[in-house]
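Trainee: A predicted structure for the sequence below; I have some questions about it.
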Amino acid sequence: MSLTCDDLDAMLPEFLDGSVTADEATLAAEHLATCEECTAELNELESVTKLYREHGTMHLPDESRKRIAGSLGISE
Ligand SMILES: [Zn+2]
């Protein structure tokens, strides 16, 4: 079994939280190793998550901030 981009996209917040299972983490890592698009998205989410944790806010255009916050499950 392998993940699609949509599968990985849905899993990213949990992946970043470390709340995925070991199997899911392996599948996610396998997909990320072969997919530049998802790797870029993961990096984006990681840096934004870090900003949120450090500053409690993000300095991004409204539209992408809302999209990212939505995918992280953060309500403003
Ligand atoms: Zn992908």
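Mentor: Yes, it's here.

Trainee: near the ion, which residues of the chain?
Mentor: Residues of the chain found near the ion (CB under 5 Å from the ion) are 5, 35, 38. C-beta coordinates here come from the backbone N, C-alpha and C atoms, glycine included.

Trainee: let's see that with 8 Å instead.
Mentor: Selection of the chain residues close to the ion by CB under 8 Å from the ion yields 3-5, 8-9, 31-32, 34-35, 37-39, 41.

Trainee: just the buried residues of the longest helix seen in the chain, please?
Mentor: With DSSP state H setting the assignment, residue counts place helix 36-55 as the longest helix in the chain. For helix 36-55, the neighbour count (16 or more other CB atoms under 10 Å) marks 38, 41-42, 45, 48-49 as buried.

Trainee: which of those sits closest to the ion?
Mentor: residue 38 (3.3 Å; CB to the ion).

Trainee: so the spatially most central residue of the chain versus the ion, what's the distance?
Mentor: What sits nearest the mean C-alpha location of the chain, by CA atoms, centre = their mean, is residue 12, with 3.7 Å. Applying CB to the ion, to the nearest Å, the value for residue 12 to the ion is 10 Å.

Trainee: so that residue sits against residue 45, correct?
Mentor: Yes - the pair residue 12 / residue 45 is scored as a contact, 5.7 Å apart, by CB atoms under 8 Å.

Trainee: joint contacts of those two?
Mentor: residue 71 (CB atoms under 8 Å, 6 or more residues apart in numbering).

Trainee: chain center to the host helix or strand of residue 14: distance?
Mentor: In the assignment (DSSP states H and E), residue 14 maps to helix 5-17. With CA atoms, centre = their mean, to the nearest Å as the basis, helix 5-17 stands 6 Å off its chain's centre.

Trainee: residues touching that helix, excluding its own?
Mentor: Applying CB under 8 Å, 6+ apart, the set of residues contacting helix 5-17 is 3, 20, 24-25, 28, 31-32, 35, 37-38, 41-42, 45-46, 49, 71-73.
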